[in-house]
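> predicted structure and sequence below. I'll ask about it afterward.
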Number of protein chains: 2
Amino acid sequence: MGRPRGPAGGKASGAARKPRADARRNHDGLLEAAKAAFAEAGAEASLDQIARRAGVGIGTLYRHFPTRDAVVEAVYRREVQQLADAARRLIDSQPPAEALRAWMRLFIDYIAAKKVIAPALKSLVGGGSALYADSGARINEAMELLVKRARASGDIRPSADSADLLRALIGFAYVNAGPDWEASARRLIDLLIDGLRSQPGGK
Amino acid sequence: MGRPRGPAGGKASGAARKPRADARRNHDGLLEAAKAAFAEAGAEASLDQIARRAGVGIGTLYRHFPTRDAVVEAVYRREVQQLADAARRLIDSQPPAEALRAWMRLFIDYIAAKKVIAPALKSLVGGGSALYADSGARINEAMELLVKRARASGDIRPSADSADLLRALIGFAYVNAGPDWEASARRLIDLLIDGLRSQPGGK
DNA sequence: CCCATATACGGAGGACCCCTCCGTTTAGCA
DNA sequence: TGCTAAACGGAGGGGTCCTCCGTATATGGG
């Protein structure tokens, strides 16, 4: 049958075709619209509305993002990356336990600014869809790095577990309503840090 | 004109009529069906299905419970009451800080058994509908009682705040997925207690 | 016992949501 | 420029929550 004649050209396998220009444009537009919609309406924002806002059909949205979770994940991948990077910065600029505290506070600030991130993280620590695995892993690594350093330096008890702390942090952040929730979360972080500094079961 | 002739009789205002027998029957049946449905399918169980299961129309369900939250609230009011009562029992049987720890663990056990309770409590600590106010208040009181005693006895730091701790507890409970979540929640409770026993900011 | 009427019932239907499917349009290589 | 693979878009199916209103019935005074 001869070689294929279409623009698909050769490249049997391996490098995928470069996406079409309109596809890329729509992809970006959808992300922008989703980001805005989530910030306004929380993670419950309707996908139909997001598509309309981006000026594309709902079908287009679903081709780019197979499920609503995929939209959320895509929107916040970048934010999560920033959060993870911050951990490395903090660890270089202050004592391990303080870096841990500072990062946890930063985490809370992030949730406050973009509430959508919380459900995404919940699925990390829980049984949610595997789509969040990537972002989740980054956060996990950041937390683990901070905890390891603090443990190694003797700042916190040796039994400190990074997964536990992450759960706690997500929990604090999840209860994100009421005028006082941010302050409350910060107090709770301080309480955890104090607990970590004391001896287990000690007075 | 004259005075009303129907069975409504006089009683212009004040004591409401006794509800009709069929109404009471349906109310109970709906609660039973809802309890079962929530236990099986979690808090997301469909109201249409609950109505069908109870053998009544969806309209009947909505007359008895104006919103889905009202159904959840009604179902779990009793469980919440038990939890609140447990606080009083615990406080009489062990030292204040230990009573606090034991109650927090009990709370986690409750969530594990009936996941539906969690969203209800979230709305307490957050901005949810006022329908949960009643159950929420009971839990709040229980926590406050425990914290006050422990503070008064000097077991925990004077700055301990019961609302903060309740937030934390709800947060731990909310992240209720993964095989390890209960154990993790218990470790975190211990960590909080250790923090509460230490001096703020102290080593 | 009967019957008038307040009370309760039930489900069709509206508004919204998520997601699928497929006929139509278009970008971009040859 | 022509043609084909890629991308588009929205109708529509199945689901949810909740409202509305015509119909049925429990109940207590006469």
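Sure, I can see it.
> how about the nearest residue to residue A:146, chain neighbours excluded?
Distances taken as CB to CB, 6 or more residues apart in numbering or on different chains put residue A:100 closest to residue A:146, at 4.6 Å, once the chain neighbours are dropped. Any C-beta I mention is one placed from the backbone N, CA and C, and that applies to glycine too.
> off-centre distance for the one helix or strand that neighbour maps to?
Taking DSSP states H and E as the definition, residue A:100 sits inside helix A:96-113. Its chain's average C-alpha position is 14 Å from that of helix A:96-113, according to CA atoms, centre = their mean, to the nearest Å.
> residue closest to the middle of chain A?
By CA atoms, centre = their mean, chain A has its centre lying nearest to residue A:80, at 4.0 Å.
> that residue reaches residue A:141, doesn't it?
No. Contact criterion CB atoms under 8 Å: residue A:80 and residue A:141 do not qualify, at 10.9 Å.
> so where does residue A:38 fall, helix or strand?
Here residue A:38 sits within helix A:21-41, counting by DSSP H and E.
> any part of the one helix or strand residue A:71 maps to near chain B?
Per DSSP H and E, residue A:71 falls inside helix A:68-93. No. Using CB under 8 Å from any CB of the partner chain, helix A:68-93 stays clear of chain B, coming no nearer than 14.7 Å.
> ok, back up a step: buried ones in the helix holding residue A:38?
By 16 or more other CB atoms under 10 Å in any protein chain shown, the buried positions in helix A:21-41 come out as A:26, A:27, A:29, A:30, A:31, A:33, A:34, A:35, A:37, A:38.
> closest to residue B:87 among those residues?
Nearest to residue B:87 among those is residue A:38, at 38.8 Å by CB to CB.
> which residues are contacting stretch A:44-62?
A:26, A:29, A:30, A:32, A:33, A:34, A:36, A:37, A:38, A:68, A:71 (CB atoms under 8 Å, 6 or more residues apart in numbering or on different chains).
> that one and DNA strand D, are they touching?
Yes. Applying CB under 7 Å from any atom of the strand, one finds stretch A:44-62 in contact with DNA strand D at A:55, A:56, A:57, A:58, A:59, A:60, A:62.
> lowest-confidence helix or strand of chain A?
Least confident element among the helices and strands of chain A, by mean pLDDT, DSSP states H and E: helix A:117-125 (a mean of 64).
> what's the following helix or strand after it?
Using DSSP H and E, the first helix or strand after helix A:117-125 is helix A:133-152.
> for that following helix, output the C-alpha coordinates as PDB.
Extracted C-alpha coordinates of helix A:133-152, given in PDB (Å, rounded to 0.1, in the frame of the first residue of the first chain):
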ATOM      1  CA  ALA A 133      -0.300  11.200  41.800                       C
ATOM      2  CA  ASP A 134       2.200  13.600  40.200                       C
ATOM      3  CA  SER A 135       1.400  16.700  42.200                       C
ATOM      4  CA  GLY A 136       1.000  14.600  45.200                       C
ATOM      5  CA  ALA A 137       4.400  13.100  44.900                       C
ATOM      6  CA  ARG A 138       6.000  16.500  44.700                       C
ATOM      7  CA  ILE A 139       4.400  17.600  47.900                       C
ATOM      8  CA  ASN A 140       5.300  14.300  49.600                       C
ATOM      9  CA  GLU A 141       8.900  14.700  48.600                       C
ATOM     10  CA  ALA A 142       9.000  18.300  49.900                       C
ATOM     11  CA  MET A 143       7.600  17.300  53.200                       C
ATOM     12  CA  GLU A 144       9.800  14.300  53.500                       C
ATOM     13  CA  LEU A 145      12.900  16.400  52.800                       C
ATOM     14  CA  LEU A 146      11.900  18.900  55.500                       C
ATOM     15  CA  VAL A 147      11.200  16.300  58.100                       C
ATOM     16  CA  LYS A 148      14.300  14.300  57.400                       C
ATOM     17  CA  ARG A 149      16.500  17.300  57.900                       C
ATOM     18  CA  ALA A 150      14.800  18.300  61.100                       C
ATOM     19  CA  ARG A 151      15.000  14.700  62.400                       C
ATOM     20  CA  ALA A 152      18.700  14.400  61.500                       C
END
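> separation between the residue nearest to the centre of chain A and DNA strand C?
Residue A:80 sits 21 Å away from DNA strand C, going by CB to the nearest atom of the strand, to the nearest Å.
> what's the pLDDT at that residue?
Confidence at residue A:80, expressed as pLDDT, is 84.
> that one and residue B:175, how far apart?
Distance, residue A:80 to residue B:175, using CB to CB, to the nearest Å: 17 Å.
> any weak-confidence spans in chain A?
Under the criterion pLDDT under 70, the flagged ranges of chain A are A:1-17, A:115-131, A:202-203.
> what does it have sitting close to chain B?
Counting by CB under 8 Å from any CB, the positions of chain A adjacent to chain B are A:122, A:125-128, A:161, A:163-164, A:167-168, A:170-178, A:180-181, A:184-185, A:187-188, A:190-203.
> from those, list the buried ones, please.
Buried among those (16+ other CB under 10 Å): A:122, A:125-126, A:128, A:163-164, A:167-168, A:170-176, A:178, A:181, A:184-185, A:187-188, A:190-198.
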